[in-house]
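> Structure for the following, please:
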Amino acid sequence: MIVGVPREIAPGERRVALVPDAVKGLCADGLEVRVETGAGTEAGFSDEAYAAAGARLESGAAAILGGSDLVLKVQPPRERPDGGHEVDDLRAGSTLIAFLRPLDEPQLAKRLAAQGVTAFSMELMPRITRAQSMDALSAMSTIAGYRAVLLAAAALPKIFPMMVTAAGTISPARVLVIGAGVAGLQAIATARRLGAVVDAYDTRPAVKEQVESLGARFVELDLDTADAEGAGGYAKAQDEAFYARQRELLGKRVAAADVVITTALVPGQRAPLLIDEAAVGAMRPGSVIVDLAAEQGGNCAGTQPDRTVSVGGVSIIGATNLPSEIPANSSQMYAKVVVTFLKHLMSDGQLVLDLEDEITSGALLTHEGKIVNEAVRARAEGDPGGSR
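All right, here's what the predicted structure looks like:
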């Protein structure tokens, strides 16, 4: 079986789907791995390292996409600078594993199905114990939470830890993390390591113990959160009345913070607005908000994707791809979970799809010319728009 790894062409993407160590393992299992020249350069992995690991280097993505039985990518296939589309280069009957944004870009799934590609979306990986080692979203969220704190620390005009010096005592920075999922918990841990005083809020009361175990204080608001947790442990969307009350209660907490990091996302929907204009206006000049939901519309009023804006002296950072800013470790982690998933799908060196298996069927997006995920199929049929 031929496994192909093209160079990512999404603007700003520096990750690569396989690192040399992962290539070495796949080659030892009898697979042939082909890597596009330059695919790992921005992540710090040279062509020579891939060749030494046993990969065959190919110049140009077309040879990789069209000549592989299995294609591994990070970002979804997209339009090339020359006007073509990466999906058109994939061979009918081949398999693709990548982040595919299925609920946000359902027309891409439609296009993959029409091309005859069997596609697995890493976002659809079921959140069950057996699949924890294949959870690419959690792996990337870990990096994003860490990086968010570093961005905030660099932008804040004061230091995080308390210091007692001959020139006086410096008070520690106060950090508020909204959303205590994987990214939020990593943000809490990182901010604590840097010496900040950290508060954290989540609609799911069940995460209180995790927050406190990291040395942060769990913020409890007077809200009915009995229905706040959905399938797989993700936060569940609430009605606008809930969010309005939440914004009102959070406003005082936001105003007291030097740094606010927001991570609240609901899969397939616009991110909930948690910080309104009034709350931003009440923050001290020099304060920083890092909005990890920027790509989905943002948790903060004023957030602009991939931009840092200043509102009344408050910096709002709308970075949309923080894992790509630490590409070496992000690529290592992504490669590890993808290879683990690939080995789950393989038998005797070939892909064998057991559609009765919860992991295989859960991550499967398209197969035999059809969109097999019901939620994505419904969106694709109801969405006349095109994929990028």
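
> what about the closest residue to Arg247 other than its chain neighbours, neighbour count?
Distances taken as C-beta to C-beta, 6 or more residues apart in numbering put Asp276 closest to Arg247, at 5.2 Å, once the chain neighbours are dropped. Glycine gets a C-beta too; all of them are placed from N, C-alpha and C. For Asp276, the neighbour count with other C-beta atoms under 10 Å is 18.

> now swap in Gly67 and tell me
15.

> the helices in the protein, which residues?
Counting by DSSP state H, residue ranges of the helices within the chain are 20-28, 47-53, 61-67, 86-89, 106-114, 136-155, 182-193, 208-213, 240-256, 277-282, 327-345, 358-363, 374-382.

> Could you dump the ones you listed into TSV and include distance to Gly168?
What follows is those, written out as TSV (distance: least, C-beta to C-beta, whole Å):
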stretch	distance to Gly168
helix 20-28	49
helix 47-53	50
helix 61-67	58
helix 86-89	58
helix 106-114	57
helix 136-155	21
helix 182-193	23
helix 208-213	31
helix 240-256	22
helix 277-282	27
helix 327-345	38
helix 358-363	56
helix 374-382	57
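
> Quickly, which of the ones you listed bottoms out on average pLDDT?
In terms of average pLDDT, helix 240-256 trails the rest of the helices of the chain, at a mean of 89.

> Next, the buried residues of it.
Phe242, Tyr243, Gln246, Arg247, Leu250, Gly251, Arg253, Val254, Ala255 (16 or more other C-beta atoms under 10 Å).

> which helices and strands does it pack with?
Judged by 3 or more C-beta pairs under 8 Å, 6 or more residues apart in numbering; DSSP states H and E, the packing partners of helix 240-256 are strand 174-178, strand 197-201, helix 277-282.

> List the neighbouring strands of the first one plus their orientation.
Pointing back at strand 174-178 there. Paired strands of strand 174-178, with direction, are strand 197-201 (parallel), strand 259-262 (parallel) (DSSP bridges).

> Of all the helices and strands packed on helix 240-256, which one is nearest Gly382?
Closest approach to Gly382 among those is made by strand 174-178 (31.4 Å; C-beta to C-beta).

> So what touches the closest one?
The contact list for strand 174-178, computed with C-beta atoms under 8 Å, 6 or more residues apart in numbering, reads 149, 152, 160, 184, 187-188, 191, 196-202, 216, 219, 250, 253-254, 256-264, 274-275, 299.
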